[in-house]
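K.L.:
show me the folded form of this:
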Amino acid sequence: MNCNRQQVKRFHIAALIALFILAGGAAVSASAQTFSVVGILPSTIGPITNPAAQQVVQGRNGEIYTISTNQGGLLSATTSGTFAEVAQPFGNGVTLGTDGNFYTAQYFDRIGCGEVWKTTPLGTATELNTICGTDGNGPTVAPIQAPNGLFYGPSSEIPSGGAGTIYSITSSGSVGLVHTFVAADGNNPVAPLVVGSDGNLYGGTRSGGTNNDGVLFKVTPGGTYTVLHNFAGSDGADLEHGLFLASDGNLYGLTQVGGTDNNGVFFKLTNSGTYTVLYNLPSTYSPANSSLVQATDGNLYGLLGQGNSSEPGWIYSLTTGGTFTILHEFCQETNCADGVAPSTPLMQHTNGNLYGFTVHGGDTSVCQGDGCGVFYSFDIGAGAFASLESTSGKVGSKVGIFGQGFSHSSVVKFNGVQATTVTLSGTTYLTAIVPTGATDGKVTVITGSTTLTSTAKYTVHNSWASVAAMPTGTAQSSAAVLGGDIYVIGGANASGTVLDNVQIYNPATNTWSSGTALPTVTQHSSAAVVNNILYVFGGDNGVTAPTNAVWAYSPTTKAWTSMAPMLTARNGTLAVVEKNIVYVMGGNLGNGANFVATVESYNPATNTWTEETPMDGAKDYPAGGLIGATIVSADGAVASGQITGDTEGYNATTNAWSDLTADPTARTGSCSGVISSALYDVGGYINNDGAATTVNESYSLSTNKWTTTLLPIPQGTMYAASAVDNGQLYCFGGLATLSGSAIGNVQIYQP
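P.N.:
The predicted structure follows:
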């Protein structure tokens, strides 16, 4: 239903300047932090309480929005101290949607249900739907928006007395059930969810799990739920505040209790579930009062104190390595003009400053003489920056950008490629269309002599990028990812000389280095990594028949060791790892003949080989990888001059192959790898006039279909080395034509 728009009341309070010398015995950065009161909340707006449920956002107009206790009204505040009650949509927190509207949620104990509301910037509030019944109950925080456009939030309980749910809701109000908690996988989720770097949703619970101390979990937008960590008390308990995705791709958070002093811990969580305690909060401070936020200086910031007048409250910083520093102590007297007891999480405005609200302080003639709180800023010496409304999309997508000082002359660039369509919506917000040729990277907005850079990279889906070329261009090399680096092994150079060199590419620094050379020159090999050991299988030296040699490389000793040889000497094979077992399939026995369907498995733990059921058809230089629990092998040569698009799936448990939909573009020697449950198959030799194809296709096992409309690779290549790292497919070198010389470019595909 529509709520009558409230008359917008503006209150302009002259900003009070209050500079504080930082206390707490902690080191202060070279650029000293400054606390300032921006405005004093009147009784018609404040106070703002319930910090555990609060969320604070910056709107497109540059104003800051949160929920006050004045009947749950949506409050806006300018950075100069002007306040307005935009509407009364009822809520405990607020999320800014990519449509520019504000989304809130409210839990009503008296009726056992909750509501989700949408409010326009002009103040029109609409109840989208109730959260009640099997979909959940008790949404204590606003839902957050995922890249798929849906909003997701937790409910703390359901009418039947259950442990809570995760629900989804569209911007038009359609509600869905994502997950129902049981005690074993968590109980009473009250913290906002967060989208991780992998696109999945992450959160935690106050209780439940193995030790009834709560859990940390991951849930896909489709509802696949995984417990990542069970709190044990000693490493934290009771998660009430949302996790924060930092620039390093890890999640950071804090618990309310537990740890060495039972006062809570700060922790780091990886997408795979590795949990690390960074800092145990000592009992000399009150427990954490809000979630963390990472500022542009790389540090995490937060608040301590329970949001009442009996304790002062503190602003602190935490490095991602766990160094904790008190930066500012609030007043303890209830009538202090500078603010008492922080009440909302900190948020960094695109002007560089941190902002927040307190429960008390300010004008002591209101709110029973305690004051209704203040709106404050905390200057950490950071400059203005740009913030992206969405961080991924295809060429042609519209991207909203927040910032400062925008004008009609502002120039927007995506990783250096200028957008030709830019629409200004005020000095703090504009939109830009992702231009053709854009690749993954930061977005910049140039206005006159000022350049603002986005805090996050923008991922351009279905795009190609190039990075530093190989020191030595090669073809018929193998490649694998080891310790965050990509090892390109052997191959033949532009002169056709077979090499023993190992070239190592670091994606983080875009640099190359040399590794320990192979014991013998090798081309046409395959490679895989198991338990941080790199294995190279078979191949040939360009003169004699293929070898069955297996070499293992340890990054600790930087040495190669000879392992048990393959049962069948082959080159042109595909190696795929499933449950720490390497399956080496296909290839040929030499002299361009004797193409085989042979499959052998290698167990690194026992250094033994086992002959497995062969593929249905021979495949030399097939494409493939692991999708779920199925090894997919596609394409390849069945005989000299005969190319196939035949695709098969292998189940290691049953040791059986099954036929799958054939690749529409039959090829051999393509660049391939599995990303997000799809096999990407790029380039290769298609038995034409000798030029490598530029065709880029993907195969979905769930639908058993190929997608043929992907962006072609810029430089056609065959017999390139393939590797998948950080959700991207790398194609190293190869041949542009069958009779040509090896090339050294590195082409990267972002699905």
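K.L.:
tell me which residue is most central in the chain.
P.N.:
In the chain, the residue lying closest to the centroid (Cα atoms, centre = their mean) is residue 197, at 0.5 Å.
K.L.:
hmm, that residue is touching residue 271, no?
P.N.:
Yes: counting by Cβ atoms under 8 Å, residue 197 touches residue 271, with 6.5 Å between them. Any C-beta I mention is one placed from the backbone N, CA and C, and that applies to glycine too.
K.L.:
tally of neighbours for the closest residue to residue 566 other than its chain neighbours?
P.N.:
Distances taken as Cβ to Cβ, 6 or more residues apart in numbering place residue 548 nearest to residue 566, at 4.1 Å, with adjacent residues excluded. If you count neighbours by other Cβ atoms under 10 Å, residue 548 ends up with 17.
K.L.:
confirm residue 548 sits in a strand?
P.N.:
No: counting by DSSP: H, G, I helix; E, B strand; the rest coil, residue 548 falls outside a strand, being coil.
K.L.:
can you list residues touching both of residue 197 and residue 271?
P.N.:
residue 249 (Cβ atoms under 8 Å, 6 or more residues apart in numbering).
K.L.:
just to revisit the earlier point, for the residue nearest to residue 566, list the residues it contacts.
P.N.:
538, 565, 566, 567, 568, 569, 570.
K.L.:
so among the residues you listed, which ones count as buried?
P.N.:
Buried residues within these, counting neighbours by 16 or more other Cβ atoms under 10 Å: 538, 566, 568, 569, 570.
K.L.:
among those, which pair sits farthest apart?
P.N.:
With Cβ to Cβ as the measure, no two of these lie farther apart than 538 and 568, at 8.6 Å.
K.L.:
now residue 724, which residues is it bridged with?
P.N.:
residue 729 (DSSP bridges).
K.L.:
picking up where we left off before, okay if I get the contacts of residue 548 as JSON lines plus distance to residue 625 and secondary structure?
P.N.:
Formatted as JSON lines, those follow (distance: Cβ to Cβ, whole Å; DSSP: H, G, I helix; E, B strand; the rest coil):
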{"residue": "538", "distance to residue 625": "18", "secondary structure": "coil"}
{"residue": "565", "distance to residue 625": "24", "secondary structure": "coil"}
{"residue": "566", "distance to residue 625": "20", "secondary structure": "coil"}
{"residue": "567", "distance to residue 625": "23", "secondary structure": "coil"}
{"residue": "568", "distance to residue 625": "22", "secondary structure": "coil"}
{"residue": "569", "distance to residue 625": "24", "secondary structure": "coil"}
{"residue": "570", "distance to residue 625": "19", "secondary structure": "coil"}
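K.L.:
and those as JSON lines, adding pLDDT?
P.N.:
Output for these, formatted as JSON lines (pLDDT from 0 to 100):
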{"residue": "538", "pLDDT": "98"}
{"residue": "565", "pLDDT": "98"}
{"residue": "566", "pLDDT": "98"}
{"residue": "567", "pLDDT": "98"}
{"residue": "568", "pLDDT": "97"}
{"residue": "569", "pLDDT": "97"}
{"residue": "570", "pLDDT": "96"}
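K.L.:
follow-up on the earlier one: now the residue nearest to the centre of the chain: how far from residue 626?
P.N.:
Counting by Cβ to Cβ, to the nearest Å, the separation of residue 197 from residue 626 is 21 Å.
K.L.:
do residue 456 as well
P.N.:
30 Å.
K.L.:
swap in residue 135?
P.N.:
35 Å.
K.L.:
okay, the two: which has more neighbours?
P.N.:
Applying other Cβ under 10 Å to residue 135 and residue 626 shows that residue 135 carries more neighbours, namely 21 against 18.
K.L.:
from what I can see the more buried one touches residue 165, true?
P.N.:
Yes: counting by Cβ under 8 Å, residue 165 is a contact partner of residue 135 at 6.5 Å.
K.L.:
give me the common contacts of those two.
P.N.:
155, 177.
K.L.:
residue ranges with poor pLDDT in the chain?
P.N.:
Along the chain, the parts satisfying pLDDT under 70 run over 1-32, 50-53, 69-72, 89-90, 108-112, 157-162, 306-311, 334-335, 592, 689.
K.L.:
in the helix or strand harbouring residue 638, what's buried?
P.N.:
Taking DSSP states H and E as the definition, residue 638 sits inside strand 637-639. Residues 637, 638 are the ones in strand 637-639 that count as buried (16+ other Cβ under 10 Å).
K.L.:
which helices and strands does that strand pack with?
P.N.:
Secondary-structure packing of strand 637-639 (3 or more Cβ pairs under 8 Å, 6 or more residues apart in numbering; DSSP states H and E): strand 593-595.
K.L.:
what lines up beside the strand it packs on in the sheet?
P.N.:
strand 588-590 (antiparallel).
K.L.:
list the buried residues for the strand it pairs with?
P.N.:
By neighbour count on 16+ other Cβ under 10 Å, the buried set for strand 588-590 is 588, 589, 590.
K.L.:
please identify which of those residues is nearest to residue 338.
P.N.:
residue 588 (78.5 Å).
K.L.:
roughly how far apart are that closest one and residue 88?
P.N.:
The gap separating residue 588 from residue 88 is 74 Å, by Cβ to Cβ.
K.L.:
without its sequence neighbours, what residue ends up closest to the residue nearest to the centre of the chain?
P.N.:
That would be residue 249: by Cβ to Cβ, 6+ apart, it lies 4.3 Å from residue 197.
K.L.:
list the contacts of residue 564.
P.N.:
Residue 564 touches 550, 602, 607, 608, 609, counting by Cβ under 8 Å, 6+ apart.
K.L.:
one more pass at 10 Å, please.
P.N.:
Going by Cβ atoms under 10 Å, 6 or more residues apart in numbering, residue 564 touches 548, 550, 602, 603, 604, 606, 607, 608, 609.
K.L.:
who's in contact with the nearest residue to residue 596 once chain neighbours are set aside?
P.N.:
Leaving out its chain neighbours, the residue that sits closest to residue 596 by Cβ to Cβ, 6+ apart is residue 618, at 5.5 Å. Contact partners of residue 618, counting by Cβ under 10 Å, 6+ apart, are 586-588, 594-598, 636-639, 642, 644, 646.
K.L.:
closest to residue 520 among those residues?
P.N.:
So of the contacts of residue 618, ranked by how close each gets to residue 520 (Cβ to Cβ), first place is residue 587, at 18.0 Å.
K.L.:
that closest one: neighbouring residues, count only.
P.N.:
32.
K.L.:
that one contacts residue 633, correct?
P.N.:
No: contact criterion Cβ atoms under 10 Å: residue 587 and residue 633 do not qualify, at 11.4 Å.
K.L.:
okay, and the common contacts of these two?
P.N.:
574, 597, 619, 622.
K.L.:
ok, the second one touching residue 637?
P.N.:
No: when contacts are counted by Cβ under 10 Å, residue 597 is not listed as touching residue 637 (11.9 Å).
K.L.:
any residues in contact with both of these two?
P.N.:
Between them, residue 597 and residue 637 share the contacting residues 586, 618, 619, 622, judged by Cβ under 10 Å, 6+ apart.
K.L.:
with adjacent residues omitted, what lies nearest to the third one?
P.N.:
The shortest distance from residue 619 to any non-neighbouring residue, by Cβ to Cβ, 6+ apart, is to residue 636 (3.1 Å).
K.L.:
and for the one you found, the neighbour number?
P.N.:
35.
K.L.:
for residue 662, see how far away it is.
P.N.:
Taking Cβ to Cβ, one finds residue 636 at 12 Å from residue 662.
K.L.:
bridged to the nearest residue to residue 424 once chain neighbours are set aside, which residues?
P.N.:
Counting by Cβ to Cβ, 6+ apart, residue 430 is the residue found nearest to residue 424 once chain neighbours are left out, at 4.9 Å. On the basis of DSSP bridges, residue 430 takes part in beta bridges with residue 401, residue 424.
K.L.:
got the contact list for residue 430?
P.N.:
60, 386, 399-403, 406-408, 410, 412, 419, 422-424, 445, 447.
K.L.:
put the buried members of the residues you listed into a PyMOL selection.
P.N.:
In PyMOL syntax, the buried subset of the contacts of residue 430 is picked out as below (16+ other Cβ under 10 Å):
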select buried, resi 60+386+399+400+401+402+403+406+410+412+419+422+445+447
